[in-house]
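Chemist: Sequence below, structure please.
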Amino acid sequence: MYGRGKSLVFPSVVVYYQKNRLNTCRIGITAGKKVGCAVKRNRAKRVILASFRELLPRITSGYDFVFVARTKTAIVKSTVVLNHMKKAFLNEGIITEYEKNINSDS
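Modeler: Numbers count the residues shown, from 1 in each chain. As a prediction, this is how the structure comes out:
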């Protein structure tokens, strides 16, 4: 996935993605020790998962995602990560243009 997929880099999260042949999306979330202690790493994972769950119904078809938490992930709110993901997914075509017109509030 890291070598073959595409990547999107933000201050709060790094997203690797690749289209799969399934109808479902699969995700993986990693947080290294640079993020902080176990409490901070788990919070970073929860923030990423909460942000992704908001966008999951809007994803057009099956993709594989790997989210890599960064040091800022543990201290930002999930809405910040959600806005980063939403903008990136709209630009990459993962979320349809129809959804872009409806959700143009950010």
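
Chemist: For the longest helix belonging to the chain, list every residue counted as buried.
Modeler: Looking across the chain with DSSP state H, the single longest helix is helix 38-55. For helix 38-55, the neighbour count (16 or more other CB atoms under 10 Å) marks K40, R41, R43, A44, K45, V47, I48, S51, F52, L55 as buried. Placement of C-beta: from N, CA and C, glycine included.

Chemist: try stretch 25-35
Modeler: C25, I27, I29, A31, V35.

Chemist: Can I get it in PDB, CA atoms only?
Modeler: Taking Å, rounded to 0.1, in the frame of the first residue of the first chain, the C-alpha atoms of stretch 25-35 are listed here in PDB:
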ATOM      1  CA  CYS A  25     -13.800   0.100   2.300                       C
ATOM      2  CA  ARG A  26     -11.000  -1.300   4.400                       C
ATOM      3  CA  ILE A  27      -9.000   0.900   6.700                       C
ATOM      4  CA  GLY A  28      -5.900   0.600   8.800                       C
ATOM      5  CA  ILE A  29      -4.700   3.200  11.400                       C
ATOM      6  CA  THR A  30      -1.200   3.500  12.700                       C
ATOM      7  CA  ALA A  31       0.300   5.700  15.300                       C
ATOM      8  CA  GLY A  32       4.000   5.400  16.100                       C
ATOM      9  CA  LYS A  33       5.800   6.200  19.300                       C
ATOM     10  CA  LYS A  34       6.600   9.700  18.100                       C
ATOM     11  CA  VAL A  35       3.000  10.600  18.600                       C
END
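
Chemist: No further questions, thank you.
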